[in-house]
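[1] Structure for the following, please:
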Amino acid sequence: MQIIIVTALLLISGLGADLQGQEFSKSKLYIEQNHKLKLVSVSLDIREDSLVAVTLGKNPQTVRIEYSDVTDMEYERSAHRRWKTGVLLSPLFLLSKGKKHWFAVLRGEDETVFQLSKTNYARILSAVESRSGLEVKMIARRG
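    Residues are numbered from 1 along each chain as shown. Coordinates of the predicted model:
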């Protein structure tokens, strides 16, 4: 009897967490400030009906993207030389490449671009795909 109650409580708590959404804090978002694009840190909350990004800092801003408004989603991985580290620490870093993970959400003519962390980009993409019902187009491979 106790096992059934514990199992039921675990299932209910798991469903409650699923309804709240998944939150990822190591992301960045391009926001226009003073007619310039600025990359700011955000907390991404992937909900059942929308994707919500809240900027971190003194004056938090909220960007809410309803899945019903989304026309397309794209993922791209870019590689770049680590020239700053090479100049500051060692020229050997010039031989290695860093990778950045970009996620773009298109709503008609509007485009919202996120830079995702290497530790959670795959989970974010799969969560957005499963919640929105849309497929994320891969401009570059995930791996």
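[2] use CA for all of it now, contacts and neighbours both
    Fine.
[3] phi, psi of residue 128?
    phi -70, psi -40 (degrees, to the nearest 10).
[4] just checking, it touches residue 48?
    No - in this structure residue 128 lies outside contact range of residue 48 using CA atoms under 8 Å: 9.1 Å.
[5] Neighbour count: the two, which is higher?
    residue 128 (21 against 18; other CA atoms under 10 Å).
[6] Give me the contacts around stretch 44-63.
    Identification of contacts with stretch 44-63 by CA atoms under 8 Å, 6 or more residues apart in numbering yields 19-25, 27, 40-43, 64-68, 124, 127-128, 131-132.
[7] Export that stretch to CSV, keeping only CA atoms.
    The C-alpha coordinates for stretch 44-63 follow below in CSV (Å, rounded to 0.1, in the frame of the first residue of the first chain):
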residue,chain,number,x,y,z
LEU,A,44,14.7,30.1,-21.0
ASP,A,45,11.4,28.6,-19.8
ILE,A,46,9.9,26.0,-22.2
ARG,A,47,6.2,25.8,-21.5
GLU,A,48,3.4,23.8,-23.0
ASP,A,49,2.1,26.7,-25.1
SER,A,50,5.0,29.1,-25.4
LEU,A,51,8.7,29.7,-25.1
VAL,A,52,9.5,32.4,-22.5
ALA,A,53,12.8,34.2,-22.1
VAL,A,54,13.5,36.5,-19.1
THR,A,55,16.6,38.6,-19.1
LEU,A,56,18.9,38.4,-16.1
GLY,A,57,20.0,41.6,-14.4
LYS,A,58,18.6,44.7,-12.8
ASN,A,59,15.7,45.4,-15.2
PRO,A,60,14.4,42.1,-16.4
GLN,A,61,12.6,42.0,-19.7
THR,A,62,10.3,39.1,-20.8
VAL,A,63,10.1,37.8,-24.4
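[8] mean confidence for that stretch?
    In this model, stretch 44-63 carries a mean pLDDT of 91.
[9] Please enumerate the strands of the chain.
    22-33, 36-46, 50-55, 62-66, 72-81, 97-107, 110-116, 136-138 (DSSP state E).
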